[in-house]
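> kindly return the folded structure for what I paste below:
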Amino acid sequence: MNRSAPDPGPDGNAPPLATAFVLKIAERCNLNCSYCYMYNKGDLSYLQRPKFMSSEVATVMLTRIADYAQRHRLPKIALALHGGEPLLIGRQWVQWFLEEVHRVAASSGIAFTVGIQTNGILLDRDWVRLFSAHKVGIGVSCDGPKEWHDLERRDFAGHGSHKQVTAAIELLVASKDVEWAVLTVVNPHASPRSVLSHFVNLGVRQVDFLWPEYNHDAPPPWPSGAMARYFCELFDYWYSELPTPPRIRWFENAMKLLLGGRSDCDVLGPNPITDIMVESDGTWEPLDTLRICGNGLTRTGLDVRTCDVEEIWNAPLYRIGLGSQELLSDHCRSCAYRRVCGGGYLPHRYRHDTGFSNPSVYCADLLAVLSHIHRRIAADLEPIRVAVAASASAREC
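Prediction:
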């Protein structure tokens, strides 16, 4: 039985449906990254939860998700193993979990895809073989060359982690049957060319450059324009100079949106934020990066053992994510790039007195970067536009 009947929404229909679940299977980490939104941005709710997700919670959670997918005729669900550092839970538990995913998939008819985000410290050949056997995609966090990576990504004794992470990336480069990518948090003081060149030289074929987690209550420590300079230089190097550039999701989505397409991520575009987190204690929660907006802000008390997935629809913060475009400021509503940036990533819009009805703390930088990309691709498309117009004119004659 559900604890309460979820509100189906004002029109009587379901809201936009989640097809991705982020599973916090480990709520502790073996690194102490200075910018971490989980542990170093003011939220202490992790101290109230178990270090690791139990097998009982995991089994109930998978069953609830499969039942939800069946009710809403969703053929595929994406699961992301996350933390903290998910590999800390151990290989035996992860192998059991992946087998449990296959069992639930077979009995429910729902196709599950599984990925994992790791800092790479514990990643070895046995882990890679396990992930390859179960077709698990791997994301590895790395901030580029040693001097920049080790500035932020240190262990609790203050030692950098670049050597271990580089070894993990080299192991993945040598593994031909596993999908993987790198995730990097931008430091605008670094050279974007050196960072991207570092990844290219390692053999990285896909990298996601992330804007650091700040908002209006805790703004970035660098001046406005620093991130714009970084991303504009990075784009020019990636777009024009590299013969075989790796995929960069932020740029790909920006270009798709500028050309009238849709984004496949929650940091750009006007899409509702539908992803659902599952904490180690088995609670359904909204977007995890929102915890930078206040201690305990994301807590819902919705336990997978007593609550169906749909009950998170009634959680105020989750509803804000679904309707974030309704909260846009007048400044954003009148902006020519509203549809591209979507008003900015939701956590970056927060201020304690006005909530999420603000432009992104990175507004000026976003506008500069998107305008720059727009000019570059418009210039490249202009000869095509002229040729098409000439051809149409010739046919009319």
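
> what about the strands in the stretch 201-350 of the chain?
Counting by DSSP state E, counting those that start in this stretch, the segments of the stretch 201-350 of the chain that form strands are 206-210, 247-248, 276-278, 283-285, 302-303.

> looking at those, which is nearest to Gln117?
strand 206-210 (10.3 Å; C-beta to C-beta). The way it works is simple: take the backbone N, C-alpha and C, and place the C-beta from them, glycine included.

> show me what the closest one is packed against.
strand 180-185, strand 247-248, helix 249-258 (3 or more C-beta pairs under 8 Å, 6 or more residues apart in numbering; DSSP states H and E).

> recalculate using a threshold of 6 Å.
When contacts are defined as 3 or more C-beta pairs under 6 Å, 6 or more residues apart in numbering; DSSP states H and E, strand 206-210 packs onto strand 180-185.

> tilt between the strand it packs on and strand 206-210?
20 degrees (axes from the mean of the first three to the mean of the last three C-alpha atoms, to 10 degrees).

> partner strands of strand 180-185, with direction?
strand 137-141 (parallel), strand 206-210 (parallel) (DSSP bridges).

> identify whichever of the strands of the stretch 201-350 of the chain lies nearest to Gln48.
strand 283-285 (10.2 Å).

> hmm, back to that, pick the most buried one from the strands paired with strand 180-185.
Each of the strands paired with strand 180-185 was scored by mean neighbour count; the highest is strand 137-141, a mean of 21, by mean count of other C-beta atoms under 10 Å.

> what sits up against it?
With C-beta atoms under 6 Å, 6 or more residues apart in numbering as the contact definition, strand 137-141 has outside contacts at Gly115, Ile116, Gln117, Asn119, Gly120, Phe131, Ala168, Glu179, Trp180, Ala181, Val182, Leu183.

> among these, give me the pair with the biggest separation.
Asn119 and Glu179 (18.3 Å).

> list the buried ones in stretch 272-284?
272-284 (16 or more other C-beta atoms under 10 Å).

> which of the residues you listed sits closest to Ala226?
Ile273 (26.4 Å).

> wouldn't the closest one be in contact with Gly321 here?
Yes - under the criterion of C-beta atoms under 6 Å, Ile273 makes contact with Gly321 at 3.5 Å.

> between those two, which contacts overlap?
With C-beta under 6 Å, 6+ apart, Ile273 and Gly321 have common neighbours Leu287.

> hmm, Asp150 is touching Lys163, no?
No - at 8.9 Å, Asp150 and Lys163 do not qualify as touching, with contact defined as C-beta under 6 Å.

> who's more crowded, those two?
Asp150 (17 against 13; other C-beta atoms under 10 Å).

> count the neighbours of Gly301 for me.
By other C-beta under 10 Å, the burial measure for Gly301, its neighbour count, is 11.

> just Ser324 next, same as before
22.

> look up how far Leu172 lies from it.
Applying C-beta to C-beta, to the nearest Å, the value for Ser324 to Leu172 is 35 Å.

> what's the answer for Trp127, then?
Distance from Trp127 to Leu172, by C-beta to C-beta: 10 Å.

> counting neighbours, go ahead and name the busier of Asn119 and Glu179.
Remark: of Asn119 and Glu179, Asn119 carries more neighbours, 26 against 16, as counted by other C-beta under 10 Å.

> phi, psi of the more buried one?
Torsion angles at Asn119 (phi, psi; degrees, to the nearest 10) stand at phi -80, psi 0.

> wait, it touches Asn30, no?
No - in this structure Asn119 lies outside contact range of Asn30 using C-beta under 6 Å: 7.3 Å.

> now do the shared contacts for these two.
Glu85.

> so where do the helices sit in the stretch 151-300 of the chain?
162-174, 192-202, 226-236, 249-258 (DSSP state H, counting those that start in this stretch).

> would TSV of those with distance to Leu88 and mean pLDDT be doable?
Putting the helices of the stretch 151-300 of the chain into TSV (distance: least, C-beta to C-beta, whole Å; pLDDT from 0 to 100) gives the following:
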stretch	distance to Leu88	mean pLDDT
helix 162-174	14	98
helix 192-202	25	98
helix 226-236	32	98
helix 249-258	26	97
